[in-house]
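Visitor: 3D model of this:
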Amino acid sequence: PGVHHLNEGHAGFLLLELIDREISAGASLADALDRVRSRVLFTTHTPVPAGIDRFERGLIEPHLRPWADRWGVDIGEVLALGDDPDAGSDVFNMAVLCLGGSARANGVSALHGEVSRDLFASVPGGDRIGSITNGVHARTWVSDHLQGVFDEMLGLGWDRGDAQAWASIDGLSADAVRSQRRATRSDLVELVARRCGTTIEPDSLVIGFARRFATYKRADLLLRHPERLSELLADDDRPIHLVFAGKAHPADGPGKALLASIVAHGSTPEANGRFTFLPDYDMGVARAMYHGCDVWLNTPVRPHEASGTSGEKAALNGALNCSIRDGWWAEMSDGANGFDIALHDPEGGFGAVEDAERDLAESSNTLDRITEMAAEFHADRTGDASMAWVNRMVHAWRTLGPRVTAGRMVADYDRDLYRPMLTAD
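Guide: Numbers count the residues shown, from 1 in each chain. Got it, this is the predicted structure:
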């Protein structure tokens, strides 16, 4: 290919193979690196130092020595390609290798680009990290029913992020919006009943949270104020139902404990049968939740979420995002196409995952938003989404539909990175 695209640091060993080809053709190591660099793009996908592959010199040196011998250079020259300025020469940093071996680099949202420039400030090339925001493959995640509606009404191109196609969404009637909502919710209702023995009431505002149970994602944030949560779950005039799903990494003890706390809360009297953990999370469960939820809840510690894509998938299906302004949502929320959760410290930098004061404040802010959402959703007292809610859904489709698809993402890469690299001198 004309451009080699490295996604995350563990792809960096490709650079050694590319360098090897140039040296085999007669280039020096320095010249080989220059030639390779001109056609390599590096995308970083993590905003936290712990997510970057680092190897102690004693571990990595035996694997790099054959390259040094083959190229006729000292092993120190090869190890220097991954020298971590913040950790010294005893650590080989894969992200440093990738940044040094690439002409362009990017994060996966605008905010993540900023965070990455700070994270790699001491690394040569760190200041040139830009951003391309992640997108999702619409046809994989949008319900069959809604795809049919979009195909008929929006025509070709909606699934690739065509803004002109999405502009036609304003013609979707309130009755049609409510009808598609009922049609696409049935799979989730049936799945929850079958696996959990729980009934989702037809007039409930269904709020979903489904993702990896990493501690920074704070699945248990609402549990910081159990009394307020209990009051919301007991409100029969404005019923809500919380549905959780996801898995923790087998080696992540805190993540597994987090998941266990969610499961346990669902069986308490305070849950009122309206706080459900849906087990055996997989793509099928994810689809059912994207298709059936009215709200998609996202409560990460800002700015630990590089992009996030679950909210994009939910948005395409008509769910409104209720989220901390992190990752993709930080740049795509306009204040009316979903619900922003106020930050405890809007000017704060890279916060620790564990911060009790912040979590209490942002838990309270989240419960405030849920209270507001329940009031808006049930405002018309018809047993279905209110007119204000329907209008917000249509606005969200119009403003987010063109921006959250993989088609838009690939077009951005092509326009901003691939083509400029291919045409550079």
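Visitor: which residues of the stretch 51-200 of the chain fall in strands?
Guide: Here the stretch 51-200 of the chain has its strands, by DSSP state E, counting those that start in this stretch, at 54-56, 83-84, 88-93, 104-107, 129-131.
Visitor: so what strands line up beside the third one?
Guide: In other words, strand 88-93. Note on strand 88-93: by DSSP bridges, its sheet partners are strand 54-56 (antiparallel), strand 83-84 (antiparallel).
Visitor: by mean pLDDT, show me the worst of these.
Guide: Comparing mean pLDDT over the strands paired with strand 88-93, the weakest stretch is strand 83-84, at a mean of 90.
Visitor: may I have the worst-scoring helix or strand of the chain on mean pLDDT as CSV, with CA atoms only?
Guide: Least confident element among the helices and strands of the chain, by mean pLDDT, DSSP states H and E: strand 88-93 (a mean of 87). These are the backbone C-alpha positions of strand 88-93, laid out as CSV (Å, rounded to 0.1, in the frame of the first residue of the first chain):
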residue,chain,number,x,y,z
GLY,A,88,15.0,6.4,30.5
SER,A,89,16.8,4.1,28.1
ASP,A,90,15.9,1.0,30.2
VAL,A,91,12.4,1.1,28.8
PHE,A,92,11.3,0.5,25.2
ASN,A,93,8.1,2.4,24.4
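Visitor: and that strand, how far from the chain's centre?
Guide: Distance of strand 88-93 from the chain centroid (Cα atoms, centre = their mean, to the nearest Å) equals 30 Å.
Visitor: hang on, the earlier thing: redo the strands of the stretch 51-200 of the chain as CSV? Include mean neighbour count and distance to Leu278.
Guide: Every C-beta, even on glycine, is put in place using the N, C-alpha and C of the backbone. Output for the strands of the stretch 51-200 of the chain, formatted as CSV (neighbours: other Cβ atoms under 10 Å; distance: least, Cβ to Cβ, whole Å):
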stretch, mean neighbour count, distance to Leu278
strand 54-56, 15, 36
strand 83-84, 20, 42
strand 88-93, 17, 39
strand 104-107, 24, 32
strand 129-131, 21, 33
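Visitor: out of the ones you listed, flag the one nearest Thr44.
Guide: Among the strands of the stretch 51-200 of the chain, strand 104-107 comes nearest to Thr44, with 5.7 Å by Cβ to Cβ.
Visitor: so what touches the closest one?
Guide: Strand 104-107 has contacts (Cβ atoms under 8 Å, 6 or more residues apart in numbering) with 41-45, 47, 98-99, 113-116, 125, 128-132, 306, 417, 420-421.
Visitor: narrow the residues you listed to those that are buried.
Guide: For the contacts of strand 104-107, a neighbour count by 16 or more other Cβ atoms under 10 Å gives the buried set as 41-44, 47, 98-99, 113-116, 125, 129, 131-132, 306, 417, 421.
Visitor: quick one: which of those residues sit in helices?
Guide: Among the buried ones among the contacts of strand 104-107, the ones falling in helices (DSSP state H) are Cys98, Leu99, Gly113, Glu114, Val115, Ser116, Met421.
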